[in-house]
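Chemist: Here is a sequence with its predicted model. Questions after.
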Amino acid sequence: MHNRVNIIGAGLGGLSAGIRLAKLGFDVSIYEKNEKTGGKMNELVYDSWRFDTGPSLLTMPFIVDDLFEFAGRKREDYLKFEKVDPVCRYFFAEGSRLDVHEETDRMVEELNRFNSLELSNYFHFLAYSKKLYDNAGTIFLRTPIHEWSQWIGSLTLSDIAKLTGIDALHTMHKSISRFFKDKRLIQLFDRYATYSGSNPYTSPATLNMIPYVETGLGAYYISGGMYRLTEALEKIALEFDVKIHTNTEVAKIIHKDKKVRAIVVNNELIETDYAVCNADVVTAYNDLIDSADALRRKYNKLEPSLSGLVFFWGVNKKHSELKHHNIFFSADYKKEFNELFMDKKPASDPTVYIAITSKTDGSHAPEYGENWFVLINMPYLKGHEKWTEIIDQTRESIFKRLKTSGIDIRRNIEFEKVHTPLTFSELYASNRGSIYGISSNSRFTTFLRPANRSRDIKGLYFAGGSAHPGGGIPLVIQSGRFAAELINRDHQKIKSGANTILQNKQRKAAVYA
Ligand SMILES: Cc1cc2nc3c(=O)[nH]c(=O)nc-3n(C[C@H](O)[C@H](O)[C@H](O)COP(=O)(O)OP(=O)(O)OC[C@H]3O[C@@H](n4cnc5c(N)ncnc54)[C@H](O)[C@@H]3O)c2cc1C
């Protein structure tokens, strides 16, 4: 009985699955098409400027800690998680601004300044958000929900009761609007839909648990840059003898008689007992897996999440009015999402997110400047977009939006690099450039999202943002865990089946001897 596992992709999902499987005794190899591991969680260094290319915010750090613990490591020996305060500074189109703090006293003070009439509503909303997390979040994060027998079996009576309280029938926006009169606070909480690349006007209100996840469970930055997490996971994987092959693209996943057999790398067939696909599931069914038409059609019908346009700007000026995380809201949020999801075109007045890690880590920019990571939501790729035009228009929109808050950096950009949805598609092979896999725009997405174990090919598993439970650092790390646990369980079953056959044969042989 062999235990070879080949993993396609060294993103966080692939590394998470690889570490767990190696710890469980499997013989693990990871193949990564890019030069470096980490996928979307990567790093860009140019002269004295340093940028994270993907995540800027870590939530649910206990999921990362859990992986380290499983590997017998202390996370503190590798990484320092830091809280940033305020969690975020929000600038509204009419000129006002609000800092969101985790600490209740500071938040009360800030809301009293901003709009004291909404003070109690704010905390009622957070209590509702926590309830959603307690009712739904813990259950969906705990198990690979497509494994019905395992899932249903693991539910307690109180879990089942809780599932009736997950506000799945309203949209996020509708439920948020029940709490607040102030349109600015509605816009602020609507934005959490974009944490899964989704539309607050259509996504189920269950996603309103995210504000609690951020402000209640904590929002963190990783000292030295978010990329330090990728480095730490790669180090642990290597310590467990995981063989990591970078600059090595997997061309095909070979299956026969409904069982995975091999992967193809550099025109060579590498036999495998199990395969974990960390590459986007839709891309995998389109390009890597032949003769699986039914699932290919099904997965291509699912709506991808938002993509993004990222400007990495070395700004040769300091801005005391900006914090580590900053949002500049558009004037008409509904219009922005209609343009992104209905018209599938860049927003005419986009909301602007700016993360500046040099506010916390001075070494990420020269002394005179700041490293700006500027993220603008973009629709997923349709094809034939004119990126040079879109980049120029978006840059102008950003300047215009910042100007309304008195910030002008038009002549202060010393360094610029841009990632478009095409970059995400080409660099990470993500389906239509989506950042978070499948969008959560329908109330059934949780169940429609690809499972962690292939439905049609035995021995094939999925770990990553396009599989259950979805995109974002903690969820993707959790999907690696689900894939590893399923492989281990299936392997033990096969082993005990093989042992029983062997014992029966030995018994028969003894009878006839
Ligand atoms: C701009 C941006 C901002 C974000 N902000 C946040 C944030 O603040 N907080 C947060 O939690 N999350 C954030 N995310 C999301 C988060 O980065 C992702 O959900 C997560 O990193 C995805 O990990 P993954 O393992 O699913 O896939 P990926 O990171 O996409 O990794 C997949 C890997 O597979 C490789 N691969 C694909 N095909 C092949 C092949 N055929 N052969 C070999 N290798 C292959 C790719 O090269 C890639 O390295 C952000 C993402 C982006 C892009």
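Modeler: Cool, got the structure.

Chemist: Could you show which parts of the stretch 251-400 of the chain are in contact with the ligand?
Modeler: 278-279, 288, 308, 310, 375 (C-beta under 6 Å from any ligand atom). For every residue, glycine as well, the C-beta is placed using N, CA and C.

Chemist: rerun at 8 Å
Modeler: Taking C-beta under 8 Å from any ligand atom as the measure of proximity, the stretch 251-400 of the chain contacts the ligand at 251, 278-280, 283-284, 287-288, 308, 310, 355, 373, 375.

Chemist: Name only those of those that count as buried.
Modeler: The neighbour-count test (16 or more other C-beta atoms under 10 Å) marks 278-280, 283-284, 288, 308, 310, 355, 373, 375 as buried among those.

Chemist: Distance check, R178 against the ligand.
Modeler: Using C-beta to the nearest ligand atom, to the nearest Å, R178 is found at 28 Å from the ligand.

Chemist: Tell me, how many residues neighbour that residue?
Modeler: Number of residues near R178 (other C-beta atoms under 10 Å) recorded here: 12.

Chemist: i'd like the first residue to be 57 from this point on
Modeler: That works, and once the first residue is 57, the last one we named lands at R234.

Chemist: How about whichever residue of the stretch 307-456 of the chain sits closest to the ligand: what's its closest non-neighbour residue?
Modeler: Of the residues in the stretch 307-456 of the chain, the one nearest the ligand is A335, at a distance of 3.4 Å by C-beta to the nearest ligand atom. Excluding the flanking residues, the one nearest A335 by C-beta to C-beta, 6 or more residues apart in numbering is G65, at 4.7 Å.

Chemist: what's the answer for G281, then?
Modeler: D108 (5.5 Å).

Chemist: so what's that neighbour bridging to?
Modeler: E99 (DSSP bridges).

Chemist: Do I have it right that it meets M97?
Modeler: Yes. Applying C-beta atoms under 8 Å, one finds D108 in contact with M97, separated by 7.4 Å.

Chemist: where do the contact lists of the two overlap?
Modeler: Common contacts of D108 and M97 (C-beta atoms under 8 Å, 6 or more residues apart in numbering): 282-283.

Chemist: Comparing these two, which residue is more hemmed in?
Modeler: Shown here are D108 and M97; by other C-beta under 10 Å, D108 has more neighbours (26 against 23).

Chemist: Might you report the residue contacts of that one?
Modeler: 97-100, 281-283, 411, 413, 429.

Chemist: For it, give its distance to R169.
Modeler: Per C-beta to C-beta, to the nearest Å, D108 is found 32 Å from R169.

Chemist: picking that back up, could I get the contacting residues of the residue nearest to A335?
Modeler: 86-89, 95, 333-335, 520.

Chemist: sorry, back to before: and of the buried ones among the residues of the stretch 307-456 of the chain next to the ligand, the nearest to S376?
Modeler: S376 lies nearest to A411 out of those, by C-beta to C-beta, at 16.7 Å.

Chemist: tell me the SS of that closest one?
Modeler: strand (DSSP: H, G, I helix; E, B strand; the rest coil).

Chemist: ok so, going back, hang on, the residue of the stretch 307-456 of the chain closest to the ligand packs against A485?
Modeler: Yes. Between A335 and A485 there is a contact under C-beta under 8 Å: 5.4 Å.

Chemist: Which helix in this structure has the most residues?
Modeler: Longest helix in the chain by number of residues (criterion: DSSP state H): helix 529-568.

Chemist: helices or strands up against that one?
Modeler: helix 68-79, strand 114-115, helix 117-126, helix 194-198, strand 330-333, strand 516-518 (3 or more C-beta pairs under 8 Å, 6 or more residues apart in numbering; DSSP states H and E).

Chemist: repeat that for 7 Å
Modeler: helix 68-79, helix 117-126, strand 516-518 (3 or more C-beta pairs under 7 Å, 6 or more residues apart in numbering; DSSP states H and E).

Chemist: May I have the predicted confidence score for the residue nearest to G281?
Modeler: With respect to pLDDT, D108 scores 98.

Chemist: got it, and P435?
Modeler: 98.

Chemist: what two of the buried ones among the residues of the stretch 307-456 of the chain next to the ligand have the greatest distance between them?
Modeler: L344 and A411 (33.1 Å).

Chemist: Enumerate every residue touching the residue of the stretch 457-569 of the chain at minimum distance from the ligand.
Modeler: Residue of the stretch 457-569 of the chain nearest the ligand, by C-beta to the nearest ligand atom: G520 (3.1 Å). Contact analysis of G520 by C-beta atoms under 7 Å, 6 or more residues apart in numbering lists 65, 67, 69, 334, 336, 532, 535.

Chemist: I'd like the residues of the stretch 307-456 of the chain next to the ligand written out as JSON lines, with pLDDT, distance to L273 and secondary structure added.
Modeler: Listed next are those as JSON lines, based on pLDDT from 0 to 100; distance: C-beta to C-beta, whole Å; DSSP: H, G, I helix; E, B strand; the rest coil:
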{"residue": "A307", "pLDDT": "98", "distance to L273": "41", "secondary structure": "strand"}
{"residue": "N334", "pLDDT": "98", "distance to L273": "26", "secondary structure": "coil"}
{"residue": "A335", "pLDDT": "98", "distance to L273": "30", "secondary structure": "coil"}
{"residue": "D336", "pLDDT": "98", "distance to L273": "28", "secondary structure": "coil"}
{"residue": "T339", "pLDDT": "97", "distance to L273": "32", "secondary structure": "helix"}
{"residue": "A340", "pLDDT": "97", "distance to L273": "32", "secondary structure": "helix"}
{"residue": "D343", "pLDDT": "97", "distance to L273": "37", "secondary structure": "helix"}
{"residue": "L344", "pLDDT": "98", "distance to L273": "36", "secondary structure": "helix"}
{"residue": "G364", "pLDDT": "98", "distance to L273": "24", "secondary structure": "strand"}
{"residue": "V366", "pLDDT": "98", "distance to L273": "26", "secondary structure": "strand"}
{"residue": "A411", "pLDDT": "98", "distance to L273": "20", "secondary structure": "strand"}
{"residue": "F429", "pLDDT": "98", "distance to L273": "23", "secondary structure": "strand"}
{"residue": "L431", "pLDDT": "98", "distance to L273": "22", "secondary structure": "strand"}
